[in-house]
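Student: give me the fold of what follows.
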Amino acid sequence: MLRRLWLLGILVVLAAGLCAAEQQTLTGYLMDKACSADALKKGEEVAKKHGRDCALMEDCVKTGYGVITAEGKFITFDQAGNKRAIAALKVSKKENDLRVTVTGDVSGDSIKVASLKIL
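Tutor: Below is the predicted model:
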């Protein structure tokens with residue numbers, strides 16, 4: 001019985017560690033969720049060519065945003081991050097090559113965005 005409790009305790013600690021968010025700065029390409037699957041499948045060149053006008057289309061805005069990392073992952077933004085992405089896209093002069101740095105609490109495949117800057 002004691003051994004089972006000990007094992008259960010270790011599992012709880014490990015699970016808590018896996019679920020905990022960690023402050024990180026990510027660099028990659030800003031992209032809406034609707035277009036991210038194609039970019040992940042076809043590679044960095046597709047992400048680099050993805051345009052601001054597409055990212056601001058109503059259907060794309062509705063899906064939310066994220067960053068495609070150099071490791072080929074799509075890390076989704078929280079609601080505040082989506083708002084920051086829209087604001088940054090609207091003031092940016094860049095047509096495409098929407099490289100960004102994003103800082104926030106990363107948990108799994110999502111980030112609670114504290115800051116976002118188009119490079």
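
Student: beta partners for the residue nearest the centre of the chain?
Tutor: Nearest to the mean C-alpha position of the chain, by CA atoms, centre = their mean, lies residue 75 at 2.7 Å. Residue 75 has these beta-bridge partners by DSSP bridges: residue 67.

Student: test my guess that it contacts residue 67.
Tutor: Yes - between residue 75 and residue 67 a contact is recorded at 5.2 Å, counting by CB atoms under 8 Å. Just so you know, the C-beta spots here come from the backbone N, C-alpha and C atoms, and that holds for glycine as well.

Student: what residues do these two have in common as contacts?
Tutor: Common contacts of residue 75 and residue 67, defined by CB atoms under 8 Å, 6 or more residues apart in numbering, comprise 26, 28, 102, 111.

Student: for residue 108, what are phi and psi?
Tutor: Dihedral angles of residue 108 (phi, psi; degrees, to the nearest 10) stand at phi 70, psi -120.

Student: and it, how many residues sit next to it?
Tutor: Residue 108 has 10 neighbouring residues, counting by other CB atoms under 10 Å.
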